[in-house]
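Asker: with the input below, show me the fold.
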Amino acid sequence: MTIDAPGQPRSQVFRPGDVIVRQGESGDCMYVVESGKVEVVQERNGSTVRLAEGGPGDFFGEMAIFQRQERSATVRAVAATRVRVARQGDVSPPGPRGRVARLPHAAEVSQRVRRSNAELARSLARLSGDPHVAVAPQ
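Answerer: Numbers count the residues shown, from 1 in each chain. Presented below is the predicted three-dimensional model:
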(Lines give C-alpha, C1' and ligand atoms only; values in the text may rest on other atoms or scores of the structure.)
Protein backbone atom coordinates (compact mmCIF):
# COMPACT_ATOMS: atom_id res chain seq x y z
CA MET A 1 0.00 0.00 0.00
CA THR A 2 1.35 3.42 -0.90
CA ILE A 3 0.67 6.75 0.75
CA ASP A 4 0.50 9.32 -2.04
CA ALA A 5 1.27 13.02 -1.80
CA PRO A 6 -2.04 14.64 -2.90
CA GLY A 7 -3.66 14.92 0.53
CA GLN A 8 -0.28 15.31 2.26
CA PRO A 9 -0.81 12.77 5.04
CA ARG A 10 0.26 14.09 8.42
CA SER A 11 1.90 12.44 11.39
CA GLN A 12 0.55 12.21 14.93
CA VAL A 13 2.35 11.16 18.09
CA PHE A 14 0.80 9.07 20.88
CA ARG A 15 2.03 8.20 24.38
CA PRO A 16 1.84 4.67 25.83
CA GLY A 17 -1.79 3.88 26.66
CA ASP A 18 -3.26 6.51 24.33
CA VAL A 19 -6.17 5.29 22.22
CA ILE A 20 -5.60 5.99 18.52
CA VAL A 21 -8.94 4.63 17.30
CA ARG A 22 -11.82 3.30 19.39
CA GLN A 23 -14.07 0.36 18.58
CA GLY A 24 -17.53 1.56 17.56
CA GLU A 25 -16.46 5.00 16.37
CA SER A 26 -16.85 6.03 12.75
CA GLY A 27 -13.67 6.55 10.78
CA ASP A 28 -12.60 8.14 7.53
CA CYS A 29 -8.87 7.53 7.66
CA MET A 30 -6.24 4.87 8.21
CA TYR A 31 -2.90 4.94 9.97
CA VAL A 32 0.59 3.69 9.17
CA VAL A 33 2.94 3.13 12.11
CA GLU A 34 6.14 5.09 11.54
CA SER A 35 7.73 4.27 14.92
CA GLY A 36 6.70 2.67 18.18
CA LYS A 37 4.28 -0.13 18.93
CA VAL A 38 0.49 -0.52 18.98
CA GLU A 39 -1.94 -3.19 20.08
CA VAL A 40 -5.31 -4.03 18.54
CA VAL A 41 -8.01 -5.07 21.01
CA GLN A 42 -11.69 -5.87 20.71
CA GLU A 43 -14.36 -5.57 23.39
CA ARG A 44 -16.62 -8.60 23.51
CA ASN A 45 -19.13 -9.57 26.21
CA GLY A 46 -17.48 -7.22 28.69
CA SER A 47 -13.99 -8.63 28.10
CA THR A 48 -11.06 -7.29 26.11
CA VAL A 49 -9.49 -9.60 23.53
CA ARG A 50 -6.06 -8.72 22.18
CA LEU A 51 -6.12 -9.45 18.45
CA ALA A 52 -2.71 -8.23 17.29
CA GLU A 53 0.31 -6.02 17.81
CA GLY A 54 1.92 -3.78 15.24
CA GLY A 55 5.08 -1.79 14.71
CA PRO A 56 6.84 0.31 12.08
CA GLY A 57 5.40 -0.30 8.61
CA ASP A 58 2.18 -1.87 9.88
CA PHE A 59 -1.12 -0.17 9.15
CA PHE A 60 -4.64 -0.20 10.58
CA GLY A 61 -7.97 1.52 10.06
CA GLU A 62 -8.14 0.69 6.36
CA MET A 63 -11.53 -0.99 6.74
CA ALA A 64 -13.06 2.38 7.60
CA ILE A 65 -11.89 3.74 4.25
CA PHE A 66 -13.24 0.82 2.23
CA GLN A 67 -16.50 0.17 4.10
CA ARG A 68 -17.45 3.42 5.83
CA GLN A 69 -18.50 1.38 8.88
CA GLU A 70 -17.74 1.74 12.57
CA ARG A 71 -14.29 0.77 13.77
CA SER A 72 -14.25 -2.96 14.54
CA ALA A 73 -11.50 -2.73 17.18
CA THR A 74 -9.62 -0.32 19.41
CA VAL A 75 -5.98 0.44 18.66
CA ARG A 76 -3.82 1.95 21.36
CA ALA A 77 -0.16 2.84 21.69
CA VAL A 78 1.92 0.39 23.73
CA ALA A 79 5.03 2.59 23.51
CA ALA A 80 5.63 6.13 22.28
CA THR A 81 4.25 5.88 18.76
CA ARG A 82 4.23 8.05 15.65
CA VAL A 83 1.65 7.26 12.97
CA ARG A 84 1.00 8.74 9.57
CA VAL A 85 -2.67 9.56 9.00
CA ALA A 86 -4.07 8.92 5.51
CA ARG A 87 -7.50 9.65 4.10
CA GLN A 88 -9.14 7.73 1.27
CA GLY A 89 -7.72 9.97 -1.47
CA ASP A 90 -4.20 9.48 -0.11
CA VAL A 91 -4.16 5.68 -0.37
CA SER A 92 -3.46 3.53 -3.38
CA PRO A 93 -2.30 -0.06 -3.79
CA PRO A 94 1.19 -0.58 -5.21
CA GLY A 95 1.33 -1.56 -8.84
CA PRO A 96 3.40 -1.36 -12.01
CA ARG A 97 1.29 1.48 -13.42
CA GLY A 98 1.31 3.62 -10.29
CA ARG A 99 -1.81 4.94 -8.60
CA VAL A 100 -4.99 2.89 -8.91
CA ALA A 101 -8.16 4.87 -8.20
CA ARG A 102 -10.26 2.08 -6.68
CA LEU A 103 -10.00 -1.48 -5.49
CA PRO A 104 -13.14 -3.14 -6.84
CA HIS A 105 -13.27 -5.86 -4.17
CA ALA A 106 -11.87 -3.88 -1.24
CA ALA A 107 -15.20 -3.72 0.61
CA GLU A 108 -15.64 -7.49 0.30
CA VAL A 109 -12.11 -8.19 1.51
CA SER A 110 -12.59 -5.77 4.37
CA GLN A 111 -15.85 -7.50 5.38
CA ARG A 112 -14.07 -10.86 5.40
CA VAL A 113 -11.40 -9.46 7.74
CA ARG A 114 -14.12 -8.07 10.00
CA ARG A 115 -15.79 -11.52 10.17
CA SER A 116 -12.43 -13.21 10.83
CA ASN A 117 -11.72 -10.84 13.72
CA ALA A 118 -15.12 -11.62 15.25
CA GLU A 119 -14.52 -15.38 14.89
CA LEU A 120 -11.08 -15.05 16.46
CA ALA A 121 -12.59 -13.27 19.46
CA ARG A 122 -15.25 -16.00 19.82
CA SER A 123 -12.61 -18.74 19.58
CA LEU A 124 -10.43 -17.13 22.23
CA ALA A 125 -13.44 -16.90 24.55
CA ARG A 126 -14.22 -20.60 24.00
CA LEU A 127 -10.60 -21.59 24.66
CA SER A 128 -10.65 -19.77 27.97
CA GLY A 129 -13.45 -22.06 29.18
CA ASP A 130 -15.61 -19.12 30.15
CA PRO A 131 -17.68 -17.37 27.45
CA HIS A 132 -17.30 -14.05 29.30
CA VAL A 133 -13.51 -14.20 29.69
CA ALA A 134 -11.15 -13.92 26.77
CA VAL A 135 -7.52 -14.99 26.67
CA ALA A 136 -5.22 -12.59 24.88
CA PRO A 137 -2.64 -14.21 22.58
CA GLN A 138 0.97 -13.81 23.73
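
Asker: correct me if wrong, but L120 is in a helix.
Answerer: Yes - assigned with DSSP: H, G, I helix; E, B strand; the rest coil, L120 falls within a helix.

Asker: not counting sequence-adjacent ones, nearest residue to it?
Answerer: Distances taken as CB to CB, 6 or more residues apart in numbering place L51 nearest to L120, at 6.2 Å, with adjacent residues excluded. (Each C-beta comes from the backbone N, C-alpha and C, glycine too.)

Asker: list the contacts of that neighbour.
Answerer: 40-42, 73, 117, 120-121, 137 (CB atoms under 8 Å, 6 or more residues apart in numbering).

Asker: can we see that at 10 Å?
Answerer: Contact partners of L51, counting by CB atoms under 10 Å, 6 or more residues apart in numbering, are 39-42, 72-75, 116-117, 120-121, 124, 136-137.

Asker: just say helix, strand or coil for it.
Answerer: Applying three-state DSSP: L51 is strand.

Asker: that older thread, of the contacts of L51, which is the nearest to F14?
Answerer: Ranked by distance to F14 (CB to CB), these are led by V75 at 9.6 Å.

Asker: burial measure for that closest one, as a count.
Answerer: 25 (other CB atoms under 10 Å).

Asker: what's near enough to touch it?
Answerer: 14, 18-23, 31, 33, 38-41, 51-52, 54, 60-61, 81, 83.

Asker: can you rerun that using 8 Å?
Answerer: Per CB under 8 Å, 6+ apart, neighbours of V75: 19-21, 31, 38-41, 54, 60-61.
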